[in-house]
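>>> Here is a sequence with its predicted model. Questions after.
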Amino acid sequence: MQSYLNDQITTVLAGMGGTPPGFELEFQQPGNPDHGDLACNVAMQLARHFRKSPRQIAEDIKAGLEALPLDASKIESVEVAGPGFLNFKISSSHLFDALQVILDAENAYGRTQSGEGKSALVEFVSANPTGPLTVGHGRNAVLGDTIARMLEWTGYDVQREYYFNDAGRQMRVLGESVRARYMAFQDPAIPMKMIGDEGDQVSVPEPFPEDGYLGEYIADIAGELFNSGEKVDLADVDRFKRAAEEKIFAEIGATLERMGINMDSYFNERSLYDSGQIWAIIDRFKALDLAYDKEGAVWLRTTAFGKEQDTVLVKSTGEPTYRLPDIGYHIDKLDRGYSKIVDVFGADHIATFPDVVEGVRALGHDADRIEVVIYQFVTLVRSGAPVKMSTRKATYVTLDELMDEVGEDVTRFFFLMRSPNTHLEFDLDLAKEASDTNPVFYLQYAHARIQSILRKAAEIDMEVVSDADLSLLVHETETGLIKTLMALPEQIERAAELREPHRLANFLREVAVAFTQFYGNCRIIGEPIGIASARLRLATATALVLKNGLAVLGISAPDRM
RNA sequence: GCGCUCGUAGCUCAGCUGGAUAGAGUGUUGGAUUCCGGUUCCAAAGGUCGGAGGUUCGAAUCCUCUCGAGCGCACCA
């Protein structure tokens, strides 16, 4: 529709003397229904160019459009309003066509082709396997997966990747933590010590590292290893580390799967060392005079990228900092040929990723394909008060616990319903409420109610006839609902483009509201067969839009609740 | 001190590429229901869009300054 009008107006403008170079028409959907279905502000924009009043230009364009003339099956009327807006009213026959398109497309309605032939790699979660996923990881996981889903719906070939490092200090401490717990199983009389912050201490075996992991799962892993009967050499920290890694990864995988998330690949940071890629990068930086040796370390000249200070690439111990493998990893991803590389990071990475991107660019790679989605932190709220969370203490809430408490659908929706760059307040009381105050239930309820109507219609043999006369849908809540339903593809497209799933969540609420208005004004069952059939078709289309939209968000659309 | 993000109704937040009278939910107050699912619907009250300048035909939106909040500024990741 928009492209049709775009062509027509461009034709008219050409007859009026043309537009400035690079000029593009803009359309918008007016909030006020009196302003039609589609508005164009071209007259105001070109007032200076034509040296005429915006209203006059708008009138000229209108006259030009009517002389063409416009296709009456698409556009019913054109009006000039306000300071010079051109307001278009979509003709009802076009609405009925659009409704038929939805019904024909069924589960594919909402898919578009803009990403056809393109590929994207979305990297997310990427938590090192030191413990169960927490609520903090949840936002990352759901955001990443939903961005991946949105890209898929716009035609992209998408790969989901999990990046991790099992070789660092964190993991060594993890192994030592397990070993200490293991020793307590071997010798229950082992001396214990208190560890942790003042007033929040935990009793641990004497050999436990000061900054060890305090969660109960550590003892579980140690216990399993002990009970397995395997003879473990206490000096072999790596064995304990491996045991922990396996168990924790299995749990993370299960948690993700429960959320409807399936990773396509896991990328181990260590492979970058094994292949030697890392060291080659240093040589390349040095050749460009972007890296140098100082005080036994290798420094990256980040001042050349506008930073205040240079940063360390390789510590004097010979161990690289995270930047070096990160640069290597991104080069690897670029080399794999994806058209888009999306990273999902928490706000704590906000200052560091530019170093990586600039480093990659400096080495001559196409860093423009890399895109970073940053999200702010999550605060859990219970009974009106924030829930304190700390990974070290036993106070953090795991994703599984959260899902146990509020369910998978609610968990996903709550993480998605706010813009990524605002702090998210996750209200547990609201999330648990199965009522109208909970936005997920409102959407799912609308879907379930439609299914109920369809069931009821089938019971009384009022089958949906596929050739129902849709032109009987003339009530303003009916046409209003159709107009809302029509917007799904562009809404998904827009949300995908901006990597902002919350837009889609908000849109689905609008769909549910539009349906409720229709439902409140137009009965289906009990009406004459013609109108009833047409309305059943409309209800069916609404259910499709809700179901497909929720599917993009990874949320179920139950038939009964 | 420097960088990034945010500041919109009592609360939680939308607000698209600048566009017409700034919107939802929740809460408050009042109302509706023999009816396809009341897990519903309708209405009212509630705003200096943190503040000040600027750009523009037009600014919650863009720019500058300023105040406030969060996060980050390691030879941690």
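Yes, it's here. Numbering: from 1, shown residues only, chains lettered A, B, ... in the order given.
>>> What is the strand or helix carrying residue A:283 packed up against?
Assigned by DSSP states H and E, residue A:283 belongs to helix A:277-287. Where contact means 3 or more CB pairs under 8 Å, 6 or more residues apart in numbering; DSSP states H and E, helix A:277-287 is packed against strand A:291-294, strand A:311-314, helix A:323-335. Just so you know, the C-beta spots here come from the backbone N, C-alpha and C atoms, and that holds for glycine as well.
>>> Between helix A:323-335 and it, find me the angle.
100 degrees (axes from the mean of the first three to the mean of the last three CA atoms, to 10 degrees).
>>> Output the helices and strands packed on helix A:277-287 as JSON lines; include the columns distance to residue A:545.
Shown next, in JSON lines, are those (distance: least, CB to CB, whole Å):
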{"stretch": "strand A:291-294", "distance to residue A:545": "54"}
{"stretch": "strand A:311-314", "distance to residue A:545": "49"}
{"stretch": "helix A:323-335", "distance to residue A:545": "35"}
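>>> Would you mind listing what in the stretch 451-561 of chain A touches RNA strand B?
A:451-453, A:456, A:494, A:498, A:500, A:502-503, A:506, A:509, A:513, A:516-517, A:519-520, A:522-526, A:559-561 (CB under 7 Å from any atom of the strand).
>>> Of these, select the buried ones using a PyMOL command.
Only the buried entries of those go into this PyMOL selection, using 16 or more other CB atoms under 10 Å:
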select buried, chain A and resi 451+453+494+500+502+503+506+516+517+519+522+524
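>>> Check what pLDDT the residue lying farthest from the centre of chain A gets.
For chain A, the residue at maximal distance from the C-alpha centroid (CA atoms, centre = their mean) is residue A:189, at 50.5 Å. Listed pLDDT for residue A:189 reads 94.
>>> one step back: now do the helix holding residue A:283: everything it contacts.
Outside helix A:277-287, the residues within contact range by CB atoms under 8 Å, 6 or more residues apart in numbering are A:272, A:291-292, A:298, A:300, A:313-314, A:320, A:324-325, A:327-328, A:331-332, A:359, A:362-363.
>>> What score does residue A:208 have for pLDDT?
93.
>>> Count the residues that sit near it.
Residue A:208 sits with 24 neighbouring residues when counted by other CB atoms under 10 Å.
>>> Give me the contacts around the strand or helix carrying residue A:503.
In this assignment (DSSP H and E), residue A:503 forms part of helix A:502-521. With CB under 8 Å, 6+ apart as the test, helix A:502-521 has contacts from A:150, A:413, A:416-420, A:439, A:442-443, A:446, A:449-450, A:475, A:477-478, A:480-481, A:484-485, A:487-488, A:491-492, A:494-495, A:538-539, A:542, A:545-546, A:549-550, A:552-553.
>>> dump the residue contacts of the residue of the stretch 451-561 of chain A found nearest RNA strand B.
With CB to the nearest atom of the strand, the shortest gap between the stretch 451-561 of chain A and RNA strand B falls at residue A:452, namely 2.7 Å. Applying CB under 8 Å, 6+ apart, we find residue A:452 in contact with residue A:560.
>>> ok but it is inside a strand, no?
No. Looking at residue A:452 with DSSP: H, G, I helix; E, B strand; the rest coil, it is helix, so not inside a strand.
>>> Just the local confidence number for residue A:136, please.
Per-residue pLDDT puts residue A:136 at 85.
>>> Could you measure from it over to RNA strand B?
According to CB to the nearest atom of the strand, to the nearest Å, residue A:136 stands 11 Å off from RNA strand B.
>>> ok so, going back, run through the contacts of helix A:277-287 and flag the ones next to RNA strand B.
Checking the contacts of helix A:277-287 against RNA strand B (CB under 7 Å from any atom of the strand), the matches are residue A:320.
>>> Mind giving me the ChimeraX select for the contacts of helix A:277-287, buried ones only?
Buried residues among the contacts of helix A:277-287 (16+ other CB under 10 Å), as a ChimeraX selection:
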select /A:272,291,298,300,313,314,320,324,325,327,328,331,359,362,363
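>>> So for whichever helix in chain A runs longest, what gets flagged as buried?
As assigned by DSSP state H, the longest helix anywhere in chain A is helix A:529-552. By neighbour count with 16+ other CB under 10 Å, helix A:529-552 contains the buried residues A:531-552.
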